[in-house]
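I'll drop the sequence and a predicted model, then ask my questions.
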Amino acid sequence: MSKVPTTVITGFLGAGKTTLIRHLLGNAGGRRLALIINEFGDVGVDGELVKGCNDAACPEDDIVELANGCICCTVADDFLPTMMKLLDRPNRPEHIIIETSGLALPKPLVKAFQWPDIRTRATVDGVVALIDADAVAAGRFATDEAALAAARAADPSLDHESPLEELFEEQLGCADMVVLNKTDLIDAEPLAAVERQVEAEIRPGVKIVRAAHGVVDIAALLGITAAAEDDLDSRPSHIDGLDADHDHDDFDSFVVAGGEVADLDAMLTGMATLIARHDVLRIKGMVAVTGKGSRLVVQAVGPRIQHFYDRPWLPSESRRTQLVVIGQKGLDRAAIEAGLAPQLGSVAA
Ligand SMILES: Nc1nc2c(ncn2[C@@H]2O[C@H](COP(=O)(O)OP(=O)(O)OP(=O)(O)O)[C@@H](O)[C@H]2O)c(=O)[nH]1
C-alpha cells in the first residue's frame, strides 16, 4: 500500500494558516483531503471556519480538531491515535493536511512519522511555514536587545532569546517551503528585507513563495515529496539533544465568554485598546451580535482586527460570544476580561 502524503502547515499565530487551507479546499482539484487542525486555545475556532468550505474535497467527518494545547506536546496522546484512525478508514484520504497551532514546534511532529505504525503508511510530503510579512516587518520576531539585557541582568540564568524569535527560527528551520504571506500589507522594500531575514533562517534550497491571502499554487504546495521524517538531522532545532522535552510556558491563553453584543463598534474599539495596552498577540472567536441572524467571526492579529459574518446561527446553537485571547506569559487576564465584560451580555439560560 502506498504511503499517504501529509503536509504540515506551520507558522506563527495569525500568519494565515487557516486562510491558506480554505484556499486549498476551494482548489483541491478533485483530491480527497483530510484535515487535522490543532489549536493552542481551549476553543476550536479554525475547524469551525473550514467546515462546510468544500465538502466534496473534505467532508466534516474528515476534519479532526485537536484543541487545547500544542500538537508537538501531545503527539502520543492525541496525534498518533488521530492519524491511525484516518489511516485505518476503508476510504483513506489521498492527502492529509495538518495545521499546527501557531505556537507549535514542527520538528517533534515530523519525528512522530518515524513511529513504526505511521512510518509504513504515511510520509511527510513537506513542512510549509507561513510567515506574516507584515508582522516580521514590524519587528515582531526580533529580539529587543535592551529588554533582553535587562532581563538577563535580573536573572543571569536566562539564556534564550525572545520566545517569538525562537519560534520563528524553529518553524523556518524545519520548513521545506516558505510562504511569505500578507504581501498585500507591505511595500516592496520592507518585503525584500523580510525575505532576507527569512533566507537567513532556512535550509539551503528551500523555496520562498510570496502570497496574499494564502493564494498559492496547490500543485506546488502538495507535491514537495520531501519525506521530511527521513531527513530530520538537517533541520535545526533549539530542543535538539533535550530529548524533545519542551513546554510553552512563555505563552498564556484564556477564553472570554458572554452572551450577545449590543454595540459592536464599542466592543471592537475596546478590544483595540486592550490589545495595544497588554500587547495581546492574538484574539479570535465568534460573536453573537444583537439583531443579527449570522454569527460574526472576529480575528485580531496584533493591532489588526478583522470581522465578518460567516453563516447563520443554527437553531441548535446558543447565541453566545467566545473569544480566545493569546499573549506572552504574564498577560493580565483580569484586566482584559474586565475590559471586555461591559460589551458582552450574559448568556441566555
Ligand atoms: N491582509 C491580509 N490578511 C490576511 C492574509 N492572510 C490572512 N489574513 C488575515 O489574518 C487573520 C488570521 O488569519 P488565519 O488564517 O486565521 O491565521 P492562522 O495562522 O490560521 O491563525 P492561528 O491559527 O490563530 O495561528 C485573518 O483575519 C485573515 O483574514 C493576507 O495575506 N493579507
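In hand now; what should we look at?

name the SS class of the nearest residue to W115 once chain neighbours are set aside, please.
In space, W115 comes closest to L80 once its chain neighbours are excluded; the distance is 6.5 Å by C-beta to C-beta, 6 or more residues apart in numbering. Placement of C-beta: from N, CA and C, glycine included. Classification of L80 using DSSP: H, G, I helix; E, B strand; the rest coil returns helix.

heads up, I number from 28, so please use that
Renumbered: residue one is now 28, and that last one reads L107.

is it true that L107 touches R148?
No - L107 lies out of contact with R148 (C-beta atoms under 8 Å); the separation is 11.8 Å.

other SSEs contacting the host helix or strand of V163?
Applying DSSP states H and E as the criterion places V163 in helix 160-164. Applying 3 or more C-beta pairs under 8 Å, 6 or more residues apart in numbering; DSSP states H and E, one finds that helix 160-164 contacts helix 215-226.

state the mean pLDDT of the helix it packs on.
Mean pLDDT, helix 215-226: 97.

likewise for stretch 364-371?
90.

how about stretch 191-207?
On average, stretch 191-207 scores 95.

now do the contacts for G250.
D152 (C-beta atoms under 8 Å, 6 or more residues apart in numbering).

could you check which helix or strand contains it?
Here G250 is assigned to no helix or strand, by DSSP H and E.

around the residue nearest to W142, how many other residues sit close by?
16 (other C-beta atoms under 10 Å).

kindly report the same for A169.
By other C-beta under 10 Å, neighbour count at A169 equals 14.

dump the residue contacts of it.
189, 192.

distance of it relative to A202?
Here the criterion is C-beta to C-beta, to the nearest Å. By it, A169 lies 19 Å from A202.

repeat for R59
26 Å.

comparing these two, which shows the higher neighbour count?
Comparing R59 with A202 by neighbour count (other C-beta under 10 Å), the higher total belongs to A202, at 28 against 15.

ok, that one touching A156?
Yes - using C-beta under 8 Å, A202 makes contact with A156 at a distance of 3.8 Å.

list the contacts for A139?
Counting by C-beta under 8 Å, 6+ apart, A139 has contacts 102, 106-107, 110, 145.

reformat the residues you listed as CSV; add pLDDT and distance to R116.
Converted to CSV, those look like this (pLDDT from 0 to 100; distance: C-beta to C-beta, whole Å):
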residue, pLDDT, distance to R116
V102, 82, 21
F106, 90, 17
L107, 91, 16
M110, 94, 11
I145, 94, 15
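
just these now: which is nearest the ligand?
F106 (16.7 Å; C-beta to the nearest ligand atom).

tell me which residues touch that closest one, please.
Here F106 is in contact with 63, 93, 98, 136, 139 (criterion: C-beta under 8 Å, 6+ apart).

where's the host helix or strand of the fourth one relative to the chain centroid, distance-wise?
When you say that, I think you mean L136. If you go by DSSP H and E, L136 is part of helix 133-138. Distance of helix 133-138 from its chain centroid, counting by C-alpha atoms, centre = their mean, to the nearest Å, is 15 Å.

buried residues in whatever helix or strand comes next after that helix?
Toward the C-terminus, helix 133-138 is succeeded by helix 143-146 as the next helix or strand (DSSP H and E). Neighbour counts over helix 143-146 (16 or more other C-beta atoms under 10 Å) mark I145 as buried.

quick revisit: can the helix holding V163 be found next to the ligand?
No - on the criterion C-beta under 6 Å from any ligand atom, helix 160-164 is out of touch with the ligand, staying 7.4 Å away.

what residues does that helix touch?
For helix 160-164, contacts defined as C-beta under 8 Å, 6+ apart pick out 39, 41-42, 168, 195, 207-210, 212-213, 217-218, 220-221, 224-225, 328-329, 331.

quick one: buried ones out of those residues?
39, 41-42, 168, 195, 207-210, 212-213, 218, 221, 224-225, 328-329.

how many residues are close by the closest residue to the ligand within the stretch 78-227 of the chain?
Per C-beta to the nearest ligand atom, G129 is where the stretch 78-227 of the chain lies closest to the ligand, at 3.1 Å. Each residue near G129 was counted by other C-beta under 10 Å, and the total is 26.

ranges for the strands of the stretch 28-177 of the chain?
31-38, 60-65, 90-93, 122-126, 149-159 (DSSP state E, counting those that start in this stretch).

can I get these in TSV with mean neighbour count and mean pLDDT?
As requested, the strands of the stretch 28-177 of the chain are exported to TSV (neighbours: other C-beta atoms under 10 Å; pLDDT from 0 to 100):
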stretch	mean neighbour count	mean pLDDT
strand 31-38	25	98
strand 60-65	26	94
strand 90-93	21	89
strand 122-126	25	96
strand 149-159	26	98
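
ok, back up a step: residues of the helix holding V163 that come out buried?
160-164.
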